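1. whatever this is, show me its structure:
(2 chains)
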Amino acid sequence: MLRTHTCGELTAKHIPQVVSLCGWVERVRDMGQSTFIVLRDRYGKTQLVLPPDASNALREVVKQLKFEYVIRATGKVALRPAGQENPNLSTGEIELHLESVEILNECQTLPFLPSSPDVPSEESRLQFRYLDLRRDSMQRSLVLRSQITKKIRDYFERQGFIDIETPILGRSTPEGARDYLVPSRVHPGQFYALPQSPQIYKQLMMIAGYDRYVQIARCFRDEDLRADRQPEFTQLDMEMSFVDENDIMGMIDGLMQHLAREVLGLELKLPLPRMSYDEAMRRFGHDAPDLRYGLEIIDLTAWAKTTDFRVFRGTADAGNYVRALNVKGAAEAFSRKRIDELTTFVQGDFGAKGLAWMRLEANGWGGPIAKNFTEEQLQSLNKLVAAEPGDVILFVADSWETSCRTLHGLRRRLGAELQLYDPKEMNFSWVVRFPMFARDEEENRWAAMHHPFTAPLDEDLPKLESDPSGVRAKAYDLVLNGFEVGGGTIRIHDNPVQQRVFSLLGMSPEEAEHRFGFLLGALRYGAPPHGGIALGVDRLVMLFAGLDNIRDCITFPKTTRAQDLMTDAPNIVDERQLDELGLALKKQPTPE
RNA sequence: GGGGCGGUAGCUCAAUUGGUUAGAGCACCGGCCUGUCACGCCGGAGGUUGCGGGUUCGAGCCCCGUCCGCCUCGCCA
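-> Got it, this is the predicted structure:
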């Protein structure tokens, strides 16, 4: 070892040892007679001092030092003079009196300084990721990530789970997200697909009798990116046999309690609260509501039917909905301009027809639509929305889906803008009893809301053919601060039910056999009742770290156009490589 | 595929209504400084204002196109 200690561990106890430290030069403060150097490694920082009586040889070496040089420094640990301690450093009571300095490597002038308080543009950070990763905040989030995965593994090991790996090269199943494809050389014209999740493999492991499976698995989905979505991401994937929904949720409750306690020092009360999908949509317009604040949706459809205001009445009579948010005390904050902005927002982003509003003033209701209602109607509105002077009511009159999307969007935006919650709060909850099927309007058929192996609620089984929209699933999502951090289901473990579901999805037995034959076959050979869940590790880390984007807890993330700016992937390949794979390009790539 | 914000020195940013030589801090180069800790001080160098076109006497600023980054809708079983 070139070093005897790290840059984060020396204290007064080490006086007067002679030690060697290795690290990066974070700062050089040349005072003339003496020079101070801050040496950094991932453990901390230590101040090195070139004393006034240093030899000329040593002085010459120190003079060469610049930002981010890699050096080995040897010297005597000494107490700093009284009053010169630095309370911001763990090593702040001591300093190293240099006896020798060895330059292990130089560093060219940097595109940006990792130690600078200015955060460089995302573009340069991604291009020079190895420098970005030297920044303190990146090191903190990667350490946190490591702690979280460690605690996850500890927890599941204690619970008797087996960590099992499943293939990366698999078969494309054209349900769900777009697959990343990998061409086969041995079978020209055929492709593997990278896993969107180890879903089917883990079910097969249940059938094989490994009744507690867990894996921290890389998953791939070729869809457009978001702040909380990368094409390649990490799932905590688990599956159990002989269980129902409560067992899975209970197991994850315990995991979250463990993580919150061990990583954040936070005590969670179990069980984590649960809410049905229907209730979540009714109260919050979304299946992953942020429960750190209220601002719940109020349904005014029945009231709208009692009025003569054409927009509301017409919407309600047509079987659509009039729903509202009461933004408490927002009258002052909501200028005309602000409301116009919100209107543009809901129309542009969610396709809402418009945004109506009223506000309760000291002497009654104001706003452009207030005059459309009688005194009695306003009185009953008062009660319905529990209005107090200063409140602003935002109305959305639209279809169920649009009103949900719009009001959720408004709620989220206003929650952030009006700071309705404590950003440090960690609010966990479950959303349960999802619908089994959603109508695919484009293709005019039923589609599985989760995946086609999800078990319906027993009580809803009879409705499978007669009323598909009323069938609810044994499905559950874990929600943290308005982010879906995981979702799972109890699976169908017998073949007849699976066939009924396929048939409802418009999949003939032959087609099902063709696509999922191996799974259907396995289900006939003694499949235990089983279910599981997958949690988004990146999102979990992001939220535990208080970050607002997933890239900041991923070492080498991709841009919103799915490129790696450091390696410049994806990229063109040699003609020869294509030949070997039996591939020819339809469109020649344009050279950059 | 749609919408929004942004791109000016290596980095972070500024530049009035379209106006004269595009500025500052940090970094870089040279020098000074006896205890600094985002050290300080003096001096120097550094610009295809993302790229291409247009309007104009004149464009960093206006218009059109395009590329890149971020946010977002669609998409993500």
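2. for RNA strand B, what are the nearby residues on the stretch 351-500 of chain A?
-> Contacts of the stretch 351-500 of chain A with RNA strand B, taken as CB under 7 Å from any atom of the strand, map to A:351, A:405, A:409, A:438, A:447, A:448, A:449, A:450, A:451, A:452. All C-beta spots, glycine's among them, are computed from the backbone N, C-alpha and C.
3. ok, now with 6 Å
-> A:405, A:447, A:448, A:449, A:450, A:451 (CB under 6 Å from any atom of the strand).
4. check which helix or strand the residue nearest to the fourth one when sequence neighbours are not counted maps to.
-> For residue A:449, the nearest residue in space outside its immediate sequence neighbours is residue A:438; the separation is 4.8 Å by CB to CB, 6 or more residues apart in numbering. When elements are defined using DSSP states H and E, residue A:438 is found to belong to strand A:437-440.
5. and that strand, how far from the chain's centre?
-> 25 Å (CA atoms, centre = their mean, to the nearest Å).
6. partner strands of it, parallel or antiparallel?
-> strand A:445-448 (antiparallel) (DSSP bridges).
7. assign the closest residue to RNA strand B within the stretch 251-400 of chain A to helix, strand or coil.
-> In the stretch 251-400 of chain A, the residue that lies nearest RNA strand B is residue A:349 (4.4 Å; CB to the nearest atom of the strand). Under DSSP: H, G, I helix; E, B strand; the rest coil, the three-state class of residue A:349 is helix.
8. show me where the stretch 451-592 of chain A dips below the pLDDT cut-off.
-> A:589-592 (pLDDT under 70).
9. quick one: the strands in it, in order.
-> With DSSP state E, counting those that start in this stretch, the ranges of strands along the stretch 451-592 of chain A come out as A:475-480, A:483-490, A:530-536.
10. what's the angle between the first one and strand A:483-490?
-> Here strand A:475-480 points in a direction 160 degrees away from that of strand A:483-490 (axes from the mean of the first three to the mean of the last three CA atoms, to 10 degrees).
11. adjacent strands (with direction) for strand A:475-480?
-> According to DSSP bridges, strand A:475-480 has the following sheet partners: strand A:428-432 (antiparallel), strand A:483-490 (antiparallel).
12. in CSV: those strands, plus distance to residue A:552 and mean neighbour count.
-> Listed next are the strands paired with strand A:475-480 as CSV, based on distance: least, CB to CB, whole Å; neighbours: other CB atoms under 10 Å:
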stretch, distance to residue A:552, mean neighbour count
strand A:428-432, 22, 21
strand A:483-490, 15, 22
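13. how about those, which one is nearest residue A:42?
-> Evaluated with CB to CB, those place strand A:483-490 nearest to residue A:42, the distance being 27.7 Å.
14. run the angle between that closest one and strand A:530-536 for me.
-> Using the same axes, to 10 degrees, strand A:483-490 lies at 170 degrees relative to strand A:530-536.
15. just to revisit the earlier point, which stretch among the strands paired with strand A:475-480 comes nearest residue A:163?
-> Here strand A:483-490 is closest among the strands paired with strand A:475-480 (CB to CB), at 17.9 Å.
16. output the closest one as PDB, nothing but the C-alphas.
-> Only the C-alpha atoms of strand A:483-490 are listed here, as PDB (Å, rounded to 0.1, in the frame of the first residue of the first chain):
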ATOM      1  CA  PHE A 483     -43.600   8.100  -7.000                       C
ATOM      2  CA  GLU A 484     -44.500   4.500  -7.900                       C
ATOM      3  CA  VAL A 485     -41.500   2.800  -6.400                       C
ATOM      4  CA  GLY A 486     -42.800  -0.700  -6.900                       C
ATOM      5  CA  GLY A 487     -45.600  -2.900  -8.000                       C
ATOM      6  CA  GLY A 488     -46.500  -6.500  -7.900                       C
ATOM      7  CA  THR A 489     -49.200  -9.100  -8.200                       C
ATOM      8  CA  ILE A 490     -50.400 -12.500  -7.100                       C
END
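17. list the buried residues for the longest helix anywhere in chain A?
-> In chain A, ranked by residue count with DSSP state H as the criterion, the top helix is helix A:136-158. Within helix A:136-158, the residues scored as buried using 16 or more other CB atoms under 10 Å are A:138, A:141, A:142, A:144, A:145, A:148, A:149, A:151, A:152, A:155, A:156.
18. give the rounded mean pLDDT of the helix or strand hosting residue A:360.
-> Here residue A:360 sits within strand A:356-361, counting by DSSP H and E. Averaged over strand A:356-361, pLDDT sits at 93.
19. and the next helix or strand past it?
-> That would be, after strand A:356-361 and using DSSP H and E, strand A:364-366.
20. sheet partners, orientation included, of that next one?
-> strand A:356-361 (antiparallel).
21. what comes up buried for the strand it pairs with?
-> Going by neighbour count (16+ other CB under 10 Å), the buried part of strand A:356-361 is A:356, A:357, A:358, A:359, A:360.
22. mind putting those into JSON lines with distance to residue A:485?
-> Listed next are the buried residues of strand A:356-361 as JSON lines, based on distance: CB to CB, whole Å:
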{"residue": "A:356", "distance to residue A:485": "35"}
{"residue": "A:357", "distance to residue A:485": "34"}
{"residue": "A:358", "distance to residue A:485": "37"}
{"residue": "A:359", "distance to residue A:485": "37"}
{"residue": "A:360", "distance to residue A:485": "38"}
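23. pick the one among those residues closest to residue A:125.
-> residue A:357 (41.0 Å).
24. list the residues that contact the closest one.
-> Shown in contact with residue A:357 (CB atoms under 8 Å, 6 or more residues apart in numbering): A:334, A:339, A:367, A:369, A:392, A:393, A:394, A:395.
25. and these, which two are the farthest apart?
-> Farthest-apart pair in the contacts of residue A:357 is A:334 and A:369; separation 14.7 Å (CB to CB).
26. these two - which one has more neighbours?
-> residue A:334 (18 against 15; other CB atoms under 10 Å).
27. can I get the strands of the stretch 451-592 of chain A in TSV including distance to residue A:262?
-> Listed next are the strands of the stretch 451-592 of chain A as TSV, based on distance: least, CB to CB, whole Å:
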stretch	distance to residue A:262
strand A:475-480	16
strand A:483-490	17
strand A:530-536	16
